[in-house]
Structure formats: C-alpha cells, structure tokens
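Enquirer: Need a 3D model of the following:
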Amino acid sequence: MPPPDPPALAVLELSSIARGLIVADALVKRAQVRMLRADPVTPGKYLLVFCGGEEEVTESLAAGREVASADHLDELFLPYAHPSIVPSLDGVEPPPITGALGILEMRTVASTLLAADRALKATDVTLVALHLARGIDGKGYFAFVGSQDAVEASLEAGDEAVDPAHRAGRELIARPHPDLDWALTRL
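Expert: The predicted structure follows:
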C-alpha cells in the first residue's frame, strides 16, 4: 500500500479574537479536519491552522472564510503540504543541526507557511524550526539545514514564493555551531 498523500493545510488569520472562535467552530463543523492551532496572537489577531484531506480542508476553509466576513485578514491553502510541516506544528522534536542553516522570516503566518512549503520542496533540506506568530507580532520564521548549495537554493525558492512586502528576513549560516539547535528550540 502506498503511503498516504501529505495532508492539505490551511490558515485563516482574523482581526477579531471573538470572531475567531466562531470561525473555528464553523470550520470544524463543516468537515472533518484536525485543528493544529487556534490561538489569539499579537497584535490582537486570531490564528487558525488546520489540516486534513484536500476536499475536507477546502470545504472548511470556505466555511471559515464565509463566517469570518470583514474580520478575514489573510489565508492560505496548501493542497499537498510538505510532509515535515504538520509534524513540526504538532511539536515533533526537530533533527539536530547538520550542514548549513537557512532562516526565512515573514510578516504573516500564511506567507511563512507558503515560503516554508516552497523552500522545503525546492531541494534536499530538512526543517529544524518553525515558529508562527506567538510573541513575534504575528510574524513567522522557519529554519532548515542541508548542504550549502541546497540551502541557498531553498532560501531563494522560499523568498520568491511570497510577495516582497511580506518578507522580513533571510539569513544563511554556512557552518553553524552545534549548540545552535538549542537556541532554535527555545525561541
């Protein structure tokens, strides 16, 4: 039996925490999806990240968008999210840092996840950190490792995937210290 397809992943960012709770209720009632994040985040927004089958996520995203109405800020739909994104959101322990390290920082959660998906699919790199919104003014960042040329190509692919106005930072550490993984997991 072939392995299952990667799950579809969706994000809704809302300007109202109260409306966010109503939207969360509506989208889980619409179809069977798994909520990965349903959190108030700085600066007074509500973040919903959920996954499941492509059809179910599509239906739930449409329901959430409809209920969000004027409080809808941003959204993202990834029908085949990179296989390491959902485990990272589930809190699975990341692998150690080996090789060059690339870091991309974006201004929204949706742009962060889009950039991560594109960067991870571009070359043979491994996700080692993913942080969304909490404590960083609604922004997000992710870090990945691999050979320096693969990391450079993935940085480019992730950066190009989003509107330049959503980009906040792009860095490469060619030879990171082995203890840097401790710093990444504490952020």
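Enquirer: domain assignment for this structure?
Expert: Domain assignment for the chain by automatic domain parsing gives 8-78, 85-186.
Enquirer: okay if I get those domains as TSV plus mean neighbour count and mean pLDDT?
Expert: Where C-beta positions appear, they are placed from N, C-alpha and C, glycine not excepted. Output for those, formatted as TSV (neighbours: other Cβ atoms under 10 Å; pLDDT from 0 to 100):
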stretch	mean neighbour count	mean pLDDT
domain 8-78	19	95
domain 85-186	18	91
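Enquirer: State the distance from the most centrally placed residue in the chain to Gly52.
Expert: Nearest to the mean C-alpha position of the chain, by Cα atoms, centre = their mean, lies Leu113 at 3.0 Å. Distance of Leu113 to Gly52, given as Cβ to Cβ, to the nearest Å: 15 Å.
Enquirer: what's the answer for Arg65, then?
Expert: 16 Å.
Enquirer: And for Pro178?
Expert: Distance of Pro178 to Gly52, given as Cβ to Cβ: 37 Å.
Enquirer: quick one, what contacts the residue nearest to Val11 when sequence neighbours are not counted?
Expert: Leaving aside its chain neighbours, Val11 sits nearest to Leu76 (4.3 Å; criterion: Cβ to Cβ, 6 or more residues apart in numbering). Leu76 makes contact with Leu9, Ala10, Val11, Val109, Ala110, Ser111, Leu113, Leu114, according to Cβ atoms under 8 Å, 6 or more residues apart in numbering.
Enquirer: Checking the closest residue in space to Leu180 that isn't next to it in sequence next. Helix, strand or coil?
Expert: Residue nearest to Leu180 in three dimensions, not counting chain neighbours: Ile97, with 5.6 Å by Cβ to Cβ, 6+ apart. Recorded secondary structure, Ile97: coil (DSSP: H, G, I helix; E, B strand; the rest coil).
Enquirer: wait, isn't Ile97 in contact with Gly146?
Expert: No - between Ile97 and Gly146 there is no contact under Cβ atoms under 8 Å: 10.6 Å.
Enquirer: Strands along the protein, start to end?
Expert: Remark: strands assigned in the chain by DSSP state E are 8-14, 34-41, 45-52, 72-78, 100-106, 126-132, 140-146, 167-173.
Enquirer: Find the nearest non-adjacent residue to Gly136, please.
Expert: In this structure residue 136 is Ile, not Gly. In this structure, Ile136 finds its nearest non-sequential neighbour in Thr42, 7.6 Å apart by Cβ to Cβ, 6+ apart.
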